[in-house]
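1. Predicted model and sequence below, questions to follow.
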Amino acid sequence: MKKSKIILFILAFIIWIFLNWKPDWQHLLVGFFIAVFVSYITGDLFIYRAYILKNPLRYWYFAFYYIPIFLWECVKANFDVAYRVIHPALPINPGIVKVKTSLKTDTGLTFLANSITLMPGTLVVDVNREEGVLYVHWIDVKSKDVEAATKIIVERFEKILKKIFE
Amino acid sequence: MKLGKILRWILGVFVFGGVLAVIILKPLPFLFYHNLPRLGFLGRAIYIFILASFMCIYRIGKGPTGADRIVALDILGIMIVGLCAILTISTGRSWYIDIGIAWVLQSFISTLALAKYLEGKGFDE
Amino acid sequence: MNDLIGFILISIGLVFDLLGCVGLVRLPDAYNRLQAATKCVTMGTCSILFGTLLVIGFTAAGMKVILCMIFLILTSPVASHAIARGSHKSGVKLWEGSVCDAYAEDNK
C-alpha cells in the first residue's frame, strides 16, 4: 500500500509540472503539497501490483515494441476507413465475432481492448473476464470461427502485452 | 429507385465540391482579431470544422435510435478539442488549450454517463 | 521547416476529421458509425495536436498539448467501448446485411 502511494505521487507531480511549464520553485512547492494530498486520499485505489513497475525490461518493451506497432496500425486503420467511406458501393460486411484471450489482469485487458479498438476494422463490444472472451464487432468479417478470428485479431498485441503487463 | 439514387449522388457531389471550392478560394476574412498572421489558414480550417459539425448535427437530429445520437455527440466533443488547438496557433493565446484539456475530460465523463443511461440501469449498478 | 511540417500535419488531420464525419452520415447502423467516427476523428485530432506542438514548440502551451494528446488516446476508445456495450444491451439491432452476432447468441 505504501508503494502505490509513492507511485501515484510521482505521477501527479509530473502532471502538475506539465500543466505549469516552466517550473520555478513556487509552482513546485504548491505542486508538492497538492500531490501529497491527492496521493494520500486516492493512493490505494488504482495501483495493486506495484512490484511490476520495478522491472526496466517492461519499459523497454513498452517504448520500442508496443508503441511503434500501435502507431503503424492506427495509420493503417485510418486509410482503411477512408477507403471504405469514399468508395461508392460501401464495401462493408459487418458482424460480431467472439475471440479468446489469455490475459488476466485489469491493465492488460484495458490496453488490449484499446489497441483492438484503434486497429483496422475492429471494435470491442464486451469483455467476459471469467472465460477470457472478447466480443469484437468486425467491419469486414473474414472468418466466423473462434480460433481463426483470434489468430487474425488478437495474437499480435497479446504476445507483446503479455511481456509488459503480466 | 435507381434514378433517384443517381440524382442524389449528383446533388451531393455538387454541394460537397462547391463547399470545398469556397473553402479554397475564399477564407473567412478577419473573423476574430485584426492583424494576425496565418488568418487565411484559420479561416479555411474553421470552414472545414463547420462542415464536419453540420454532418454531426444532421446525425443528431435524424438518428433513428438513441445510440446514433450519443455517438454523434461524442464525435462533436472530440472535434472541439482540435478547434481549440487551431485557435491556439492562429491567435497566439495559450489559454485556448486549457479549454481543450478540460473539454477532453468532461466529454469523456458525460459520454460514460450517457452510455450508462442507455444501458437502462441506475448509476450504482 | 518545423512550421511547414506542422501545417502539413494539421491539414492531414482536418481531412481525416472530415472523412470521419462523412462516415458518420453514410454508414448504415450505430456500430459501423461508431467504428469509422472513432478511428478517424481520434487520430485526426491527434494529428492536429501534434502539428500544433511542432508549430508552437516546447512552450507552456506545447506541454499542455502533449498532455491533451495522451488524455485523448486513453479516453476515446474507452468511451466508444461503453457506447457499444450500452447500445447492444438496450436492444439496438445490427444492420440487415450483418453476417453473424455471437454476442446475442451467447446472452440468450
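-> Now that the structure is in, tell me what you want to look at. Numbering: from 1, shown residues only, chains lettered A, B, ... in the order given.
2. near chain A, anything from stretch C:76-94?
-> Yes - using C-beta under 8 Å from any C-beta of the partner chain, we find that stretch C:76-94 touches chain A at C:77-78, C:80-81, C:84-85, C:88, C:94. Bear in mind the C-beta positions are built from the backbone N, C-alpha and C, glycine included.
3. Find the helix or strand that B:L20 is a member of.
-> Assigned by DSSP states H and E, B:L20 belongs to helix B:2-25.
4. Identify the farthest-apart pair in the residues of stretch C:76-94 next to chain A.
-> Spatial extent of the residues of stretch C:76-94 next to chain A (C-beta to C-beta) is set by the pair C:V78 and C:L94 at 22.2 Å.
5. So if I had to pick from those two, which one is more boxed in?
-> C:L94 (21 against 17; other C-beta atoms under 10 Å in any protein chain shown).
6. Now do the contacts for the residue nearest the centre of chain A.
-> The residue lying closest to the centre of chain A (C-alpha atoms, centre = their mean) is A:F111, at 2.2 Å. Contact partners of A:F111, counting by C-beta atoms under 8 Å, 6 or more residues apart in numbering or on different chains, are A:161, A:164-165.
7. who wins for most neighbours among those residues?
-> A:L161 leads these on contacts (other C-beta under 10 Å) with 24 neighbours.
8. And it, how far from C:L34?
-> Applying C-beta to C-beta, to the nearest Å, the value for A:L161 to C:L34 is 24 Å.
9. Next: A:T42.
-> According to C-beta to C-beta, A:T42 and C:L34 sit 31 Å apart.
10. So for the two, which sits in the more crowded spot?
-> C:L34 (29 against 13).
11. just for chain C, where's the confidence low?
-> Across chain C, the ranges flagged by pLDDT under 70 are C:108.
12. for chain B, same thing?
-> The model of chain B has pLDDT under 70 over residues B:1, B:27-39, B:121-125.
13. secondary structure element for the residue lying closest to A:V97 once chain neighbours are set aside?
-> With sequence-adjacent residues excluded and distances taken as C-beta to C-beta, 6 or more residues apart in numbering or on different chains, A:V97 is closest to A:A149, at 4.8 Å. Counting by DSSP H and E, the element that carries A:A149 is helix A:146-153.
14. same thing with A:V127?
-> strand A:122-128.
15. From the contact counts, what lies against the helix or strand just after that strand?
-> The C-terminal neighbour of strand A:122-128 among helices and strands, as given by DSSP H and E, is strand A:133-138. When contacts are defined as 3 or more C-beta pairs under 8 Å, 6 or more residues apart in numbering or on different chains; DSSP states H and E, strand A:133-138 sits against strand A:95-100, helix A:106-117, strand A:122-128, helix A:146-153, helix C:102-106.
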